[in-house]
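A.B. asks: I would like the atomic coordinates for the input below:
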Amino acid sequence: MRLLLLSNSTAPGHGYLEHAREEIADFLDGTRRLAFVPYAGADHDGYTAQVTRALAPLGVEVTGVHTGSRPAEVVADADAVFVGGGNSFRLLSALHHHGLVDAIRARVGAGAGYMGSSAGTNMACPTLRTTNDMPIVQPPTFDALHLVPFQINPHYLDPAPDSSHMGETRAQRIAEFHQENDVAVLGLREGTWLRATDDGLTLGGIEAGAVLFERGREPVEHRPGADLTRLLRTPAVFDSADR
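C.D. replies: Numbers count the residues shown, from 1 in each chain. Model prediction:
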């Protein structure tokens with residue numbers, strides 16, 4: 001298993017994927033053919049063109065899975081798969097509709113790299129239940145790719161002490177998740193990412209790092225370079241109503 005899971009694809013003052021350029025270049029080293037999954041957005045051709053431009057300096061050939069009559073075959077022929085950000089509900093619905101959940105899991109299990117950003121990072125989890133997105137469509141199930149056994153909250157925002165907003169903070173929403181589910185949730189702040197192999201899980205990115213939420217425990221801050229391998233070894237327990 002080789003995973004690169006980005007919290008975000010664009011950072012202030014940087015072009016698309018530029019803030020993680022070195023990490024992406026290292027992750028995709030040796031990759032010739034990359035299957036891009038654009039279904040989190042509405043303009044599949046435009047989204048694929050954006051990814052193609054961003055990865056052109058790496059010598060990677062990008063093919064949008066939507067360009068073939070059988071998207072799963074595009075995945076099967078790729079050295080790596082990149083699932084882009086956008087709306088997680090629309091993305092997961094399309095993954096199930098096009099038979100890509102099993103196809104991606106099989107290809108990654110056979111050694112292909114998986115790169116996700118935002119919604120694409122959500123998809124690497126067992127379920128999309130920790131997304132920030134509005135359910136603009138209804139997927140057949142919340143079950144996602146389950147490439148890792150824990151949950152991620154991309155774009156994690158810390159509570160603003162001076163804010164007059166009366167809605168739940170991200171931390172409160174994750175606490176509600178833990179009222180029903182016993183599985184770790186890693187809040188990835190902007191500019192951070194996870195790099196995973198069969199043997200380990202490491203946090204990378206900006207100094208702000210990430211915060212780990214676990215049921216019955218106080219949140220724990222982690223900085224870039226943190227070894228989070230134990231999260232790969234901890235089984236997830238979900239509410240039985242949906243799983």
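
A.B. asks: three-state assignment of His96?
C.D. replies: helix (DSSP: H, G, I helix; E, B strand; the rest coil).

A.B. asks: where along the chain do the strands fall?
C.D. replies: In the chain, the strands defined using DSSP state E lie at 2-6, 33-37, 61-64, 80-83, 113-117, 151-153, 185-188, 192-197, 201-205, 210-213, 220-222.

A.B. asks: Can you check which of those gets nearest to Phe177?
C.D. replies: strand 185-188 (6.5 Å; CB to CB). C-beta coordinates here come from the backbone N, C-alpha and C atoms, glycine included.

A.B. asks: neighbours of Pro159, just the number please.
C.D. replies: Neighbour count for Pro159, taken as other CB atoms under 10 Å: 11.

A.B. asks: Quick check: phi and psi on it?
C.D. replies: Main-chain dihedrals, Pro159, degrees, to the nearest 10: phi -60, psi 140.

A.B. asks: Could you double-check that it sits in contact with Ala171?
C.D. replies: Yes: using CB atoms under 8 Å, Pro159 is in contact with Ala171, at 6.1 Å.

A.B. asks: I'd like to know how far the residue nearest in space to the middle of the chain sits from Thr31.
C.D. replies: The residue lying closest to the centre of the chain (CA atoms, centre = their mean) is Thr121, at 0.2 Å. According to CB to CB, to the nearest Å, Thr121 and Thr31 sit 19 Å apart.

A.B. asks: all helices for the protein, in order.
C.D. replies: For the chain, the helices defined by DSSP state H occupy 21-27, 44-55, 71-76, 88-97, 100-109, 119-123, 170-180.

A.B. asks: Pull out the buried residues from the third one.
C.D. replies: Within helix 71-76, the residues that qualify as buried by neighbour count (16 or more other CB atoms under 10 Å) are 71-72, 74-75.

A.B. asks: okay, now Thr202: neighbour count?
C.D. replies: Counted with other CB under 10 Å, Thr202 comes out at 15.

A.B. asks: Verify the contact between it and Leu194 for me.
C.D. replies: Yes: Thr202 is within contact range of Leu194, at 7.2 Å (criterion: CB under 8 Å).

A.B. asks: any shared contact partners between those two?
C.D. replies: Common neighbours of Thr202 and Leu194, using CB atoms under 8 Å, 6 or more residues apart in numbering, are Leu228.

A.B. asks: what separates the residue nearest to the centre of the chain from Ala40, distance-wise?
C.D. replies: Separation of Thr121 from Ala40 (CB to CB) stands at 11 Å.

A.B. asks: Over to Leu201?
C.D. replies: 24 Å.

A.B. asks: Give the residue spans of the chain that score low on pLDDT.
C.D. replies: Per-residue confidence for the chain (pLDDT under 70) gives these ranges: 164-167, 240-243.

A.B. asks: Contacts only, for the closest residue to Ser118 other than its chain neighbours.
C.D. replies: Counting by CB to CB, 6 or more residues apart in numbering, Ser118 lies nearest to Gly85, which is 2.9 Å off, once chain neighbours are set aside. Counting by CB under 8 Å, 6+ apart, Gly85 touches 8-9, 40, 117-121, 154.

A.B. asks: Now with 10 Å, please.
C.D. replies: Each residue near Gly85 by CB atoms under 10 Å, 6 or more residues apart in numbering is listed here: 6-10, 40-41, 47, 91, 116-122, 133, 154-155.

A.B. asks: and what of Thr63?
C.D. replies: 33-36, 48, 52, 74-75, 77-78.

A.B. asks: and it, how far is that from Thr121?
C.D. replies: Thr63 sits 21 Å away from Thr121, going by CB to CB.

A.B. asks: Same question for Ser7.
C.D. replies: Taking CB to CB as the measure, Ser7 falls 7 Å from Thr121.

A.B. asks: Out of the helices of the chain, indicate the one that is most buried.
C.D. replies: Neighbour counts (mean count of other CB atoms under 10 Å) averaged over each of the helices of the chain peak at helix 119-123, with a mean of 28.
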